[in-house]
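**Q** how would this look folded up:
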Amino acid sequence: MTIVVTGVAGFIGSQLARALLARGDRVLGIDNLNDYYPVQLKRDRLSDIAHPHFAFHEVDFADHVALDAALSGVAVDSIVHLGAQAGVRYSLINPRAYVQSNLAGHLNLLEVARHHGVRQMIYASSSSVYGSNKNLPFRVTDRVDHPISLYAATKKADELMSETYAHLYRIPLTGLRFFTVYGRWGRPDMAVWSFAERILTGQPIPVFNKGEMRRDFTHIDDIVAGIVAALDHPVCDDGVEKPGGSHAPHRLYNIGNNRAEDLMRLISVLEAACGRRAAIDFQPMQPGDVVETYADITDLTRDLGFAPTTPIDIGVPDFVQWLKAYRGL
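**A** Numbering: from 1, shown residues only. Next up, the predicted model:
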């Protein structure tokens, strides 16, 4: 049996695939290798995965005909749907990309899960669904009816579609609300990579809201451990209320470091890891952004034993060391 991982050339998908293959699973990866950020990075991730039990299909999962063809005849055990059009700020520029990938694409994977009779499907949601929620830490019981970016709205819509499919077709579904993931093989559009590269090359870093922001920075190793734990403990269809409030086999979890770090402290840790000071370009708050994120992971810890082990003091220097080697800096 095979585990299907969408977004396998992406940051989280590639690292999950490596972890699954290392423990003996078979992985079929799906990715369209779009150019939202440099495609060469995605190809390098795929090269890093290389394994005899890994198969890759360059397919846009928003194209249901191509997706069905790629999976024809495959005995699918589970799906981990991580592929999506990412980025809060880019959703202000190219909203249609989010509708195509995050809405149509998510529906297509739900249909695959339905028709292949999978054991379960795990999918990526986001801390962005909490919008400008002032209740900290963020809990899955909080109302998330007021998204402040289209990206967040699509992720909330994915959760709603999943609830419907779990109710109608009893498909075991787990939604993971990721909190600011960083680490080796990360994304160059995200703050930790962008800041580190700019510091190392002597360029100023843009810091929004005068640096008065806090994020629950979560290391990739902790994220992968949480996904694997969810895979190993599928949600039960027992009528009991699940995290997120569903009585269908659908649960929602926050997955974060359970610690909100000041942005300026992150910059200080980056400066120490890079061995040089940052030139800071303070800028106003960006539309669609939020001041603070902070994950309550009580449910994930109770149900799956999730316990993040990588604070930024360890994770950031590890990432900077990797970035220097990858970029030749």
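**Q** Please count neighbours and contacts with C-alpha atoms only from this point.
**A** Noted.
**Q** can you map out the strands along the stretch 151-300 of the chain?
**A** 173-178, 181-182, 205-208, 214-215, 218-219, 250-255, 261-262, 280-283 (DSSP state E, counting those that start in this stretch).
**Q** Give me the contacts around the third one.
**A** Contact with strand 205-208 is made by 194-195, 198-199, 278-286, as judged by Cα atoms under 8 Å, 6 or more residues apart in numbering.
**Q** one step back: quick one, which of the strands of the stretch 151-300 of the chain is packed in tightest?
**A** strand 250-255 (a mean of 28; mean count of other Cα atoms under 10 Å).
**Q** Direction included, what does that one pair up with?
**A** Strand 250-255 sits in its sheet next to strand 173-178 (parallel), going by DSSP bridges.
**Q** Out of the strands of the stretch 151-300 of the chain, which gets nearest to residue 231?
**A** Closest approach to residue 231 among the strands of the stretch 151-300 of the chain is made by strand 173-178 (9.1 Å; Cα to Cα).
**Q** Show me what the mean pLDDT comes to for the closest one.
**A** Average pLDDT, strand 173-178: 98.
**Q** same check, this time on stretch 199-208
**A** 95.
**Q** can you list the strands of the stretch 151-300 of the chain in JSON lines and add distance to residue 137?
**A** Output for the strands of the stretch 151-300 of the chain, formatted as JSON lines (distance: least, Cα to Cα, whole Å):
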{"stretch": "strand 173-178", "distance to residue 137": "13"}
{"stretch": "strand 181-182", "distance to residue 137": "17"}
{"stretch": "strand 205-208", "distance to residue 137": "22"}
{"stretch": "strand 214-215", "distance to residue 137": "11"}
{"stretch": "strand 218-219", "distance to residue 137": "15"}
{"stretch": "strand 250-255", "distance to residue 137": "10"}
{"stretch": "strand 261-262", "distance to residue 137": "13"}
{"stretch": "strand 280-283", "distance to residue 137": "26"}
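**Q** picking that back up, out of the contacts of strand 205-208, which comes closest to residue 239?
**A** residue 286 (42.3 Å).
**Q** For the closest one, give me its contacts.
**A** Contacts for residue 286 were tallied using Cα under 8 Å, 6+ apart; they are 89, 208-209.
**Q** still on that earlier bit, which stretch among the strands of the stretch 151-300 of the chain comes nearest residue 42?
**A** Closest among the strands of the stretch 151-300 of the chain, using Cα to Cα: strand 181-182, at 15.7 Å.
**Q** could you say what helices and strands the closest one packs with?
**A** Under the contact criterion of 3 or more Cα pairs under 8 Å, 6 or more residues apart in numbering; DSSP states H and E, strand 181-182 touches strand 218-219, helix 220-232.
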